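# Attaching a predicted model along with its sequence, questions to come.
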Amino acid sequence: MKIATFNINGIKARAAALLDWIDESAPDVVLMQEIKCTDESFPGAIFEERGYSVATHGQKGFNGVAMLSKRPIEDLRCGLPGDAEDEQARWIEGTVMGNRHALRICGLYLPNGNPAPGPKYDYKLAWMKRLRARAAELLASEEPVLMGGDYNVIPQDEDATRPEAWREDALALPESRAAFRRILHLGFTEAFRARVQGPGHYTFWDYQAGAWNRNDGIRIDHFLLSPQAADLMTDCGIDKAIRSRDKPSDHVPLWIEIDA
DNA sequence: ATGTCGTAACGTTTACGA
């Protein structure tokens, strides 16, 4: 089962490019972030025509996450628990049956957090604390769990072309990295790093200042796998090439193959 | 060159978030 995560940066602007990528890469499940629309205005039919079930957790103008699946999405749950006041749409989870295993699949759009310090950074760290709590609950099931999405965290300096440019940024501050590691240390495997080592692998290139042309990138989209999911992983990669197409997102898809 | 996008709105331009 091929599962991909893709921050599309606006469904209205990205529908055509997104469908081209889906037709080529044929993922079984797609996690989307920054759909930037409400549930009502999400163009679900263009995916249903291609055989996907569609689940959305949207919000007008900003944020918003979605899940597409060739197999039915069961036990859908939207919104990260832990703060009833939080109205930002950043979390969706559902169960998809493989041939042998049920997979609990979570899609997330972790807050950017800039400028730091400040209230937005406080929100990021608080959100990561809630994420850790939910991750611990999911881990306790001892079943295959995947949490994929835009984590807005550069885990290490090797995950940026110019680490010095991000030193004061919410994506790379020591506290952000430590909060990310605290989730990993519960017992998750970071899928990409379990398969590929070394620098030069990125999932985001800013629209500004010719970042793509200079290959000035960062790796901020990740899959975290429970031990039972990590056992089933057979491959993981980044669809880098689509960044050079017309009307690209500033992110590219990250995907994993799970022998479920 | 604080350089680009996407979205919303009292829109033909500005504000915000990234």
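Here it is on my side, so go on.
# okay, how far is it across stretch A:154-161, tip to tip?
11 Å (C-alpha to C-alpha, to the nearest Å).
# Can you mark which positions in it are buried?
Using 16 or more other C-beta atoms under 10 Å as the test for burial, stretch A:154-161 gives A:154-155, A:159-161. For glycine as for every other residue, the C-beta is placed from the backbone atoms N, C-alpha and C.
# out of the residues you listed, who's nearest A:Gln208?
Distance to A:Gln208 across the buried residues of stretch A:154-161 (C-beta to C-beta) is lowest for A:Thr161, with 14.1 Å.
# related to what we said a few turns ago, tabulate the buried residues of stretch A:154-161 in a markdown table, adding columns for secondary structure, distance to DNA strand B and pLDDT.
Listed next are the buried residues of stretch A:154-161 as a markdown table, based on DSSP: H, G, I helix; E, B strand; the rest coil; distance: C-beta to the nearest atom of the strand, whole Å; pLDDT from 0 to 100:
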| residue | secondary structure | distance to DNA strand B | pLDDT |
| --- | --- | --- | --- |
| A:Ile154 | coil | 13 | 98 |
| A:Pro155 | coil | 17 | 98 |
| A:Asp159 | helix | 16 | 98 |
| A:Ala160 | strand | 15 | 98 |
| A:Thr161 | coil | 14 | 98 |
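# check contacts around the residue in the stretch 51-200 of chain A that DNA strand B sits nearest to.
For the stretch 51-200 of chain A, the residue closest to DNA strand B is A:Gly61, as judged by C-beta to the nearest atom of the strand, at 3.2 Å. Shown in contact with A:Gly61 (C-beta atoms under 8 Å, 6 or more residues apart in numbering): A:36-37.
# What score does it have for pLDDT?
With respect to pLDDT, A:Gly61 has a value of 95.
# ok, so what distance separates it from A:Leu76?
As judged by C-beta to C-beta, to the nearest Å, A:Gly61 and A:Leu76 stand 23 Å apart.
# Test my guess that A:Leu138 contacts A:Leu103.
No - using C-beta atoms under 8 Å, A:Leu138 is not in contact with A:Leu103; the gap is 11.4 Å.
# So if I had to pick from these two, which one is more boxed in?
Taking neighbours as other C-beta atoms under 10 Å, A:Leu138 and A:Leu103 compare with A:Leu103 leading, 25 against 20.
# For beta bridges, what are the partners of that one?
A:Val96 (DSSP bridges).
# For A:Leu80, see how far away it is.
A:Leu103 is 19 Å from A:Leu80, by C-beta to C-beta.
# Which parts of chain A are strands?
With strands called from DSSP state E, chain A shows them at A:2-7, A:29-33, A:53-57, A:65-69, A:74-78, A:91-97, A:102-109, A:145-150, A:189-190, A:204-205, A:217-218, A:221-225, A:233-238, A:254-258.
# Turn these into a markdown table, columns for mean pLDDT and distance to DNA strand B.
Shown next, in a markdown table, are the strands of chain A (pLDDT from 0 to 100; distance: least, C-beta to the nearest atom of the strand, whole Å):
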| stretch | mean pLDDT | distance to DNA strand B |
| --- | --- | --- |
| strand A:2-7 | 98 | 8 |
| strand A:29-33 | 98 | 9 |
| strand A:53-57 | 98 | 14 |
| strand A:65-69 | 98 | 13 |
| strand A:74-78 | 98 | 18 |
| strand A:91-97 | 98 | 14 |
| strand A:102-109 | 98 | 9 |
| strand A:145-150 | 98 | 8 |
| strand A:189-190 | 98 | 21 |
| strand A:204-205 | 98 | 9 |
| strand A:217-218 | 98 | 11 |
| strand A:221-225 | 98 | 12 |
| strand A:233-238 | 98 | 18 |
| strand A:254-258 | 98 | 16 |
